[in-house]
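Participant: Provided below are the primary sequence and the corresponding predicted coordinates.
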Amino acid sequence: MKTKPHRDTKKHTPICRFTPFKGLKGILESRQFSLSAKRIVVTKSDEEIFHDAMADVREIREFRELPLKSPPRFEKMRPVKDDSLVILQQIVNGERKITLADTAEYIEWIRPNVRKDIIRRLHNGDFSVQDSIDLHGMTLGIAEEAFSAFLREALKNHLFCIKVIHGRGLRSPNGPVLKEAMKKWIRGTFSKWVLAYVTAKDCDGGLGATYIILRAK
């Protein structure tokens, strides 16, 4: 038996090669490249830069000479003589009378519908003191009770002018506690019965006492 010769039925596929630089040499040789001239940087000094910047500047003749104003003259102030110590010494020696109304401890109050000259007259002692109470040395609670009882009795007896001695509180670290409390009591519970109050005169207790005018009950 004869055997048929083997025939290769597969077709031969041609091989493609990638040659991206083919012909590059010819292209480069055909083109001419020229190098640009290098830029030369010239460094200038500060003076040259200034002269270049000021090249267009022109002088203004009017500004060649500017009138200068003379500085103002200040007169020396004469030292003010402080007579505080001298005045204080005169008060201590009894040579000068202190005005209580000019001190920070002076107090006064008057009802709006009462004549204003009443305060001045009351402070000057124009009205006789009909009764007084001394709250010195009392605690705040006891002083309030004593003051309330005193005012009720004064109103009951139809008194017009009374005096309360409360002290100045010079030994108290909290200041005149009784004096401040008295003002609160007057303008609180007894506000409708008090017409005015003011610091007493020197001979009647001065800054440590207060005159009070009452309205008839």
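Facilitator: Thanks, I have it.

Participant: drop to CA atoms for contacts and neighbour counts, all remaining ones
Facilitator: OK.

Participant: for the chain, which segments count as helices?
Facilitator: 24-30, 46-53, 84-92, 117-123, 140-156, 177-186 (DSSP state H).

Participant: does anything pack onto the fifth one? Which helices or strands?
Facilitator: Put plainly, it is helix 140-156. In terms of contacts (3 or more C-alpha pairs under 8 Å, 6 or more residues apart in numbering; DSSP states H and E), helix 140-156 is packed against strand 131-134, helix 177-186.

Participant: pLDDT averaged over it, what's the number?
Facilitator: Averaged over helix 140-156, pLDDT sits at 94.

Participant: extract the C-alpha set from stretch 159-172 and format it as CSV.
Facilitator: Extracted in CSV, the C-alpha atoms of stretch 159-172 (Å, rounded to 0.1, in the frame of the first residue of the first chain):
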residue,chain,number,x,y,z
LEU,A,159,-40.5,117.5,117.2
PHE,A,160,-39.2,119.6,114.3
CYS,A,161,-35.3,119.5,114.5
ILE,A,162,-33.3,116.6,116.0
LYS,A,163,-29.7,115.5,116.0
VAL,A,164,-28.1,112.1,115.5
ILE,A,165,-24.5,111.5,116.6
HIS,A,166,-23.0,108.6,114.6
GLY,A,167,-19.3,109.4,114.6
ARG,A,168,-16.9,109.5,111.6
GLY,A,169,-15.8,105.9,111.6
LEU,A,170,-12.1,106.9,111.7
ARG,A,171,-11.2,103.8,113.7
SER,A,172,-13.3,101.4,111.6
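
Participant: since that was my last question, I'll sign off now.
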